[in-house]
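Trainee: One predicted model, sequence on top.
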Amino acid sequence: KNEVEQSPQNLTAQEGEFITINCSYSVGISALHWLQQHPGGGIVSLFMLSSGKKKHGRLIATINIQEKHSSLHITASHPRDSAVYICAVHDGNKLVFGAGTILRVKS
Amino acid sequence: EAGVAQSPRYKIIEKRQSVAFWCNPISGHATLYWYQQILGQGPKLLIQFQNNGVVDDSQLPKDRFSAERLKGVDSTLKIQPAKLEDSAVYLCASSLVYLGQISNTGELFFGEGSRLTVL
C-alpha cells in the first residue's frame, strides 16, 4: 500500500463545476503539499498545510490531521485548471508523493 | 526572483551511454532535491542535499547514478551507464530551509525538469 493515496486518479469536469481531489496518507506528517503540474511543464507549489484550511483564489485546501486526510477544492473550474494535481507529505525526514490526479476541465 | 534552473530540457541517448543533468537552485536555498518522475507516476526522491552534504540518498541507484553539490549551490546528476528504464523526467527542487526540522517546512520550488529518453 502506498503511503500517499490520491483519488480519483482521473477526473473530467465541465467548466464551472466544483471539483474535489482527495489525499489520504498513512504516516505521521509535519506538512502536506498540494502541487500542480501542467503537461510538459514543471511543478508549481499550490499550498503547504500543517493544519486547518488555506484559500488562494478559486483554490481551497483543507487538512484533517486526525483522519490523515486532505482535500483540494477548485471552485468555478475552468479549462486552464486542467493539469495533474499531486499531493505530497513530509514525514519529518523526506517528502513522499502521491501518484497524482489528472484533471481535465471541458468548456 | 529567478526560479530553479535546469539543463538540458531534453536529452535522447542510447542505452549504456552516459548523461549529466545540471541544476541551479534559487539563490540562498540550502536544500536541494533531485527527483525522478516516470510517466504516469508521482516524483520519486533520488537524493536530498543540505548545503553540500547528502541528507538522503537511500533511493539513488548508486551503481549507475551519482550526484554532487560541491560548493553547496548548483548540482549535477549523472547516469552512467543508462538503462531503458531510466527514461523519465528528472526534476530538481529547492527550498529555503531543511524540511527535517519539524518547525520549518519550507515551500518547494521546482525546475522545469530534464526529460531523458533512453533508446
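Mentor: In hand now; what should we look at?
Trainee: Can you list the low-confidence ranges for chain B?
Mentor: The model of chain B has pLDDT under 70 over residues B:1, B:97-106.
Trainee: what does it put close to chain A?
Mentor: Taking C-beta under 8 Å from any C-beta of the partner chain as the contact definition, chain B meets chain A at B:33, B:40-45, B:48, B:56, B:91, B:93, B:99-100, B:102, B:105, B:107-113. C-beta coordinates here come from the backbone N, C-alpha and C atoms, glycine included.
Trainee: Strands - which of those residues land there?
Mentor: Per DSSP state E, strands hold the following members of the residues of chain B next to chain A: B:33, B:44, B:45, B:48, B:56, B:91, B:93, B:109, B:110.
Trainee: what about the third one, how many residues close to it?
Mentor: Translated: residue B:45. Close neighbours of residue B:45, defined as other C-beta atoms under 10 Å in any protein chain shown, add up to 21.
Trainee: Ok, the fifth one next?
Mentor: If you count neighbours by other C-beta under 10 Å, residue B:56 ends up with 17.
Trainee: and what of the fourth one?
Mentor: Other residues within reach of residue B:48, judged by other C-beta under 10 Å, total 27.
Trainee: Isn't it up against residue B:57?
Mentor: Yes. Shown here, residue B:48 and residue B:57 form a contact pair, counting by C-beta atoms under 8 Å, at 7.5 Å.
Trainee: Okay, and the beta partners of the closest residue to residue B:23 other than its chain neighbours?
Mentor: In this structure, residue B:23 finds its nearest non-sequential neighbour in residue B:92, 3.4 Å apart by C-beta to C-beta, 6 or more residues apart in numbering or on different chains. Judged by DSSP bridges, the bridge partners of residue B:92 are residue B:34.
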